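**Q** test case, fold it:
(4 chains)
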Number of protein chains: 4
Amino acid sequence: MTKPICAIVGAGEGLGRALAEKFASREFDIALISRSEANSSAAIEAAAATNSAANVRFFSADATRPETLESAIATINRGMGEIDLLIYNARGAFTACDPLDMSYAALEDVYRLEVIGAFAAAKSVLPGMIKQSRGSVFFSSATAAFRGSNTHPLYAIGKFGLRALSQSLSKAYAKNGVHIVHFRLDCDLDVPIMRDLYGEKYDPEKLANPDAVAETYWLTYLQPKSAWSNEVEIRPHTEVWTY
Amino acid sequence: MTKPICAIVGAGEGLGRALAEKFASREFDIALISRSEANSSAAIEAAAATNSAANVRFFSADATRPETLESAIATINRGMGEIDLLIYNARGAFTACDPLDMSYAALEDVYRLEVIGAFAAAKSVLPGMIKQSRGSVFFSSATAAFRGSNTHPLYAIGKFGLRALSQSLSKAYAKNGVHIVHFRLDCDLDVPIMRDLYGEKYDPEKLANPDAVAETYWLTYLQPKSAWSNEVEIRPHTEVWTY
Amino acid sequence: MTKPICAIVGAGEGLGRALAEKFASREFDIALISRSEANSSAAIEAAAATNSAANVRFFSADATRPETLESAIATINRGMGEIDLLIYNARGAFTACDPLDMSYAALEDVYRLEVIGAFAAAKSVLPGMIKQSRGSVFFSSATAAFRGSNTHPLYAIGKFGLRALSQSLSKAYAKNGVHIVHFRLDCDLDVPIMRDLYGEKYDPEKLANPDAVAETYWLTYLQPKSAWSNEVEIRPHTEVWTY
Amino acid sequence: MTKPICAIVGAGEGLGRALAEKFASREFDIALISRSEANSSAAIEAAAATNSAANVRFFSADATRPETLESAIATINRGMGEIDLLIYNARGAFTACDPLDMSYAALEDVYRLEVIGAFAAAKSVLPGMIKQSRGSVFFSSATAAFRGSNTHPLYAIGKFGLRALSQSLSKAYAKNGVHIVHFRLDCDLDVPIMRDLYGEKYDPEKLANPDAVAETYWLTYLQPKSAWSNEVEIRPHTEVWTY
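**A** Residues are numbered from 1 along each chain as shown, chains lettered A, B, ... in the order given. Here you go, the predicted structure:
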C-alpha cells in the first residue's frame, strides 16, 4: 500500500517543519527539498517522530536555480512516485531596505526565489497532475502580496509576482482537477527567528502558531473540488487586520 | 451528553438543506430558522435522516424583522442551549433590474435581509460566545459583495453591506475567540431554482454542489483559532473566475 | 448665455464649501442642497465671493428622505435648468461605536443617508443626462468603503453600500455618456471639526486640504469620456496608506 | 526661460506618441527614450509638430538593461536639465501562452522590462526630485496588474510586480513631495497594432483613444499634492468592466 506523497520546497524549522509533521501524521510520505540537509533536520526529525511509518526523505535543490528543482522533483518521482501535494514554502531573507536602496541583483534574487522557483516546482508536477485529474499545489505567501511596502519592497515585489503566478496557474488548470492555492499569512509566525526579533515583546498569542497554520493547510487540502478556495487568508484570532 | 448546536437562518432546499445535513452528520443538534416550516421541510428531513440521534428543530422568524430573529434565538437558547455555530444563510429574491428601476422599498428590503437581519442574528449570539471565548458566526455571501452590477444592483448593494458587517464584527470580536467568516460563493449553486434557470444549458459540473459547499463550511469551522480565515472564497474547479 | 449647473447635496463649511467655491470659480452656476440654509451659509458666501457672475442658490432637502431630494432637484430643473454635475456629498455623524452597540435605527439611518439618498439624487438627474449623452455624478466617499471597522462600523457599512451603488450605476450608464465616480478620500480633511478633534496634534500637512480635494474633483470632471476613472482615490502626500 | 522636462521611456506610435504630443503641447520639453530612433519617429514628429517651441530629443536605451536607462537619463540631465516628469511606458510583446508554456527566459525578460527597468528609470530621477521636493513618476500599467491570467500569464506577472514597485516607491517618497502613480489601463488602446488584431470587429468607440489617455495623464499631473491619486484607473465609457 503506497501512501500519497507530499513534497515541501523550503523546510526549515518553522512552517516547513510544521507542514512536514502535519502531513506525515496524516499518512503522507514526505519529500523535503532544501539547499542543505542540515537546515531541514528539524523538519526531517519531526516528520519521522510523528509517524514512524512515514517515509521521510531529503532532496537537495536551490530554489533560486530552477533546474535544480526540476531535477530534485524528477528524482522524487523516480524514487518515491508521483507527488500528490506540492507545497512551495521557500523563504529568503526578509530584508528591510528603502526602495531606493534595492540593488538590481537583489531584485533578481527575490524574483528567482518567489516566482521562477515557484513556477519551476509547479511545472515539474502539473503535467502529471493534469493527466491524472488530481493533485494540489500550495504556495506559502503573505499579505505582502496585496500591498507595496516602503520598508520591505523586495518582499512585496516577490509576493505580488507569486500571487499572479498562482492565480494564472489556477485559472488555467483548476478545470483539470488540480487545486492551486495561494496562502496569505496575514501575521508573523511564532518561529525562532521571530522570537528573537520581538525580544521582550514576544507574545505567542499575537503570532500564528506554525502547527495551527499547517492544520489550516491540511483542511484546505481536504476541500472537495466543487467548493475550492484558491486564495486562503490565515491570521491568528488576535491579529489586528487592515487588508 | 449534550451536542453542540448549529443554528441556520434560512434553510430552504438548497444550501440550507446541505448545511443542516452536514452539521447533523457531524454530531450537531440543528436549529432551523425560517419564515415557514414548510419551506424548511427538506432541510429538516435531510438532517434527521442523516443522523437519527440529532435533535432537529424548527423555529419561525422573518429575517427582515430583526425582533423576530432575536426572539427565535432566545427561544433556542432556552429550549436547546447556547448556540455554538450560527450560519446566516437567508436568501431573498435574486431580482434582476436596471439600477434606475430600483425602488426605495426594494433597497430597504434587501438591506433588512442582508445586513440588519444578519446583524440581528449575530447580536443574539455574540455576547454569549464572547463570554465563553468560543463560537462561530458564518455569513453566506457571494462575489456580488466585491463588485457592483448593472443587472443585479440590489443584490450587490446588500452583499457589500453584509461584507462590511462581517469584517467589522470580526475585527472587533475575533480577539474574544469568536470565529466570524464571510463566505464568498463565486459561482452558481446546483440547486433546483438554478436547474430551472439554466434549462438546457444545465451542467452540474459548472455549478457548485451544495453538499461540497457545506463540506467547505465544515472544514472552515475546524480551523484552529491561531490560523483562521475570515473571508473564504468558494468556487467549483470549473469556474472561470475574474475576481 | 447659460452656465452649466453644479448641484451639491451636503454643503457645509468643509468639502461642500470648497466644491461650491471651486465650481463657481470654473463658471458653473451652483445649486446647494442641504437641510437648512444656515448650515450652508459658508458655502453660499464662498461661491458668491469667488465669482460674482455665478448664480448661487439654496434648496432645502433632507438627504435621508429621498422624496425631498427628488423634489429639490425638480425645483432646480424648473428654476435653473438641467444639472450638468451632481455631487452627492451628504455627511452624517461619524459615530464611533462597538459593532454590538449599533442599533437597528442607526443602521437604517446610515443606509438612508449613504445609499438611498445617493440613489435618490442620482435617479433625479440620470434620465436627463442619459437623454443628452452627457453629465457627471460624483459621490464623496472614503476608504471606509473598502474595509470594515471595529470602531466605526456604521460608517463602513454605509460607504460599502455607496460604493456598490456607484459601481452599479457606472456599469449601467457610462455607455450612455454619463461619468459616475466614487471618490475615496483616504485621509482626514482639514476642516473645523477635525481641527477640534486633533487638538494639539493638529497639523495641516497631515490632512487633505478641502480646496485641493475640490481641485481633484474638478480635474476628474475634465477627463475625456474615452479615458475615464470611475473610482478615484485621494490622499495628501503625507498620508501613510495601507489600502 | 527653461521649460520643464518630460522624459518618456518607450515612445512608439501609440500611447508614447500621444504622451509626447500632449506634454509638448503643454509646454514641456520632451526627452524620448527607446531602443531605436526609428521606432520613436512618430512620437518625435508629433511632439515637434504640436509645438515648434518644444525641444524634442531622442535618447537610446534598452529598457531591459537598466544600466542603459541610467546612462540615458544621466545624459538627459547633463544635456537638457533635471527631469520634472518621468513616464515609464515601455511595452514588450503582449505574448499569449499557456502558463505551463512560459520559459524561464521569458519570465526573466518580462520582469526586466516591467520591474527592473521601471525601477532603474525611477531610481535615476528620484534622488533629484526628493532633493527639490517636487517631481512626478508615472508608470503605464493595466488591469493585468490586478488579476492573473490563463492566457497572458507573463503580462500579469510583470504588471503585478510593477504595481508593487509603484506602491512601494509611493509609500516611501510621496512624503518628499514626489507624485508616483500607477496607471491602470482597463481597456485596449486604439493603436495600429490593435486595429490589426480586431480586424473587422474594430470599433474605435470600444477602445481607449490614446490622446484621451494622455489627457488623463496630464490631468493627473495637475493634481495638488494635498489631494493626490497614486493609483489611477482609465477606461473608455463603453468598457464593460469586471474589476
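**Q** close to chain D, is the longest helix belonging to chain A?
**A** Counting by DSSP state H, the longest helix found in chain A is helix A:153-173. Yes: residues of helix A:153-173 are located near chain D by Cβ under 8 Å from any Cβ of the partner chain, namely A:153, A:156-157, A:159-161, A:163-173. Placement of C-beta: from N, CA and C, glycine included.
**Q** that helix and chain B in contact?
**A** Yes: Helix A:153-173 is in contact with chain B by Cβ under 8 Å from any Cβ, via residue A:171.
**Q** next one: stretch A:193-206
**A** No: applying Cβ under 8 Å from any Cβ, one finds stretch A:193-206 separated from chain B by no less than 8.5 Å.
**Q** that stretch: end-to-end distance?
**A** For stretch A:193-206, the first-to-last residue distance is 15 Å (Cα to Cα, to the nearest Å).
**Q** what are the contacting residues of that stretch?
**A** Residues from elsewhere that reach stretch A:193-206, judged by Cβ atoms under 8 Å, 6 or more residues apart in numbering or on different chains: A:14, A:188, A:190, A:207, A:236, A:238, A:239.
**Q** which ones are touching the fifth one?
**A** Looking back up the chat, that one is residue A:236. By Cβ under 8 Å, 6+ apart, residue A:236 lies in contact with A:187, A:205, A:206, A:207, A:208, A:209, A:212, B:225, B:226, B:227, B:228.
**Q** mind pulling up the pLDDT for the nearest residue in space to residue A:226 that is not next to it in sequence?
**A** Distance criterion Cβ to Cβ, 6 or more residues apart in numbering or on different chains; nearest residue to residue A:226, sequence neighbours excluded, is residue B:212 at 3.7 Å. The model reports residue B:212 with a pLDDT of 98.
**Q** farthest pair within the contacts of stretch A:193-206?
**A** The distance between the two most remote of the contacts of stretch A:193-206 (Cβ to Cβ) is 18.7 Å, for A:14 and A:238.
**Q** those two: which has the busier surroundings?
**A** residue A:14 (21 against 18; other Cβ atoms under 10 Å in any protein chain shown).
**Q** chain B contacts on chain A?
**A** Close to chain B, as judged by Cβ under 8 Å from any Cβ, chain A has residues A:171, A:174-175, A:177, A:179, A:208-209, A:212-213, A:215-216, A:219-220, A:222-241.
**Q** near chain D, which residues of chain A show up?
**A** With Cβ under 8 Å from any Cβ as the criterion, chain A comes near chain D at residues A:66, A:98-100, A:102, A:104, A:107-108, A:111, A:115-116, A:119-120, A:123, A:126-127, A:147-150, A:153, A:156-157, A:159-161, A:163-173.
**Q** quick check, central residue of chain A?
**A** Closest to where the C-alpha atoms of chain A average out (Cα atoms, centre = their mean) is residue A:89, at 2.3 Å.
**Q** in what helix or strand does the residue nearest to residue A:226 lie?
**A** Assessed by DSSP states H and E, residue B:212 sits inside helix B:210-221.
**Q** quick one: list the elements packing against the following helix or strand past that helix.
**A** Note on helix B:210-221: by DSSP H and E, the next helix or strand toward the C-terminus is strand B:231-234. Packing contacts for strand B:231-234, counted by 3 or more Cβ pairs under 8 Å, 6 or more residues apart in numbering or on different chains; DSSP states H and E, involve strand A:231-234, helix B:153-173, strand B:179-185, helix B:210-221.
**Q** show me where chain A has its strands.
**A** Using DSSP state E, the strands assigned to chain A run over residues A:5-9, A:29-34, A:56-60, A:85-88, A:136-142, A:179-185, A:231-234.
**Q** would you list those in TSV and tack on mean pLDDT and mean neighbour count?
**A** TSV is the format used below for the strands of chain A (pLDDT from 0 to 100; neighbours: other Cβ atoms under 10 Å in any protein chain shown):
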stretch	mean pLDDT	mean neighbour count
strand A:5-9	98	27
strand A:29-34	98	28
strand A:56-60	98	19
strand A:85-88	98	26
strand A:136-142	98	25
strand A:179-185	98	25
strand A:231-234	98	24
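**Q** report the buried residues of stretch A:122-134.
**A** Residues A:122, A:123, A:124, A:125, A:126, A:128, A:129, A:130, A:134 are the ones in stretch A:122-134 that count as buried (16 or more other Cβ atoms under 10 Å in any protein chain shown).
**Q** quick one: contacts for the residue lying closest to the last one once chain neighbours are set aside?
**A** Excluding the flanking residues, the one nearest residue A:134 by Cβ to Cβ, 6+ apart is residue A:177, at 5.3 Å. Residue A:177 makes contacts with A:129, A:130, A:132, A:133, A:134, A:135, A:225, B:237, as judged by Cβ under 8 Å, 6+ apart.
**Q** what's the burial count for the last one?
**A** With neighbours defined by other Cβ under 10 Å, the count for residue B:237 comes to 22.
**Q** what comes up buried for the helix or strand bottoming out on mean pLDDT in chain A?
**A** Every helix and strand of chain A was ranked by mean pLDDT, DSSP states H and E. The lowest is helix A:192-198, at a mean of 86. Residues of helix A:192-198 classed as buried by neighbour count (16+ other Cβ under 10 Å): residue A:194.
**Q** check the burial of residue A:52 by counting its neighbours.
**A** 8.
**Q** before we move on, the earlier item: pLDDT added to the contacts of stretch A:193-206, as CSV?
**A** Below are the contacts of stretch A:193-206 laid out as CSV (pLDDT from 0 to 100):
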residue, pLDDT
A:14, 93
A:188, 89
A:190, 92
A:207, 92
A:236, 97
A:238, 94
A:239, 89
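**Q** with distance to residue B:35 as added columns, please give the residues you listed in a markdown table.
**A** Shown next, in a markdown table, are those (distance: Cβ to Cβ, whole Å):
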| residue | distance to residue B:35 |
| --- | --- |
| A:14 | 51 |
| A:188 | 46 |
| A:190 | 47 |
| A:207 | 45 |
| A:236 | 39 |
| A:238 | 39 |
| A:239 | 38 |
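**Q** test my guess that residue A:36 contacts residue A:60.
**A** Yes: using Cβ atoms under 8 Å, residue A:36 makes contact with residue A:60 at a distance of 7.1 Å.
**Q** excluding its backbone neighbours, what's nearest the residue of chain A found nearest chain C?
**A** Among all residues of chain A, residue A:242 sits closest to chain C, at 4.8 Å; criterion: Cβ to the nearest Cβ. Distance criterion Cβ to Cβ, 6+ apart; nearest residue to residue A:242, sequence neighbours excluded, is residue C:242 at 4.8 Å.
**Q** per-residue pLDDT of that neighbour, please?
**A** We have a pLDDT of 90 for residue C:242.
**Q** which bits of chain A sit near chain C?
**A** Checking chain A against chain C by Cβ under 8 Å from any Cβ, the hits are A:147, A:242, A:243.
**Q** tell me the buried residues within these.
**A** Among these, those classed as buried by 16+ other Cβ under 10 Å are residue A:147.
**Q** chain D: which of the residues of chain A next to chain C is nearest?
**A** Distance to chain D across the residues of chain A next to chain C (Cβ to the nearest Cβ) is lowest for residue A:147, with 6.2 Å.
**Q** how about that closest one, what does it touch?
**A** Neighbouring residues of residue A:147 by Cβ under 8 Å, 6+ apart: A:156, A:243, C:242, C:243, D:167.
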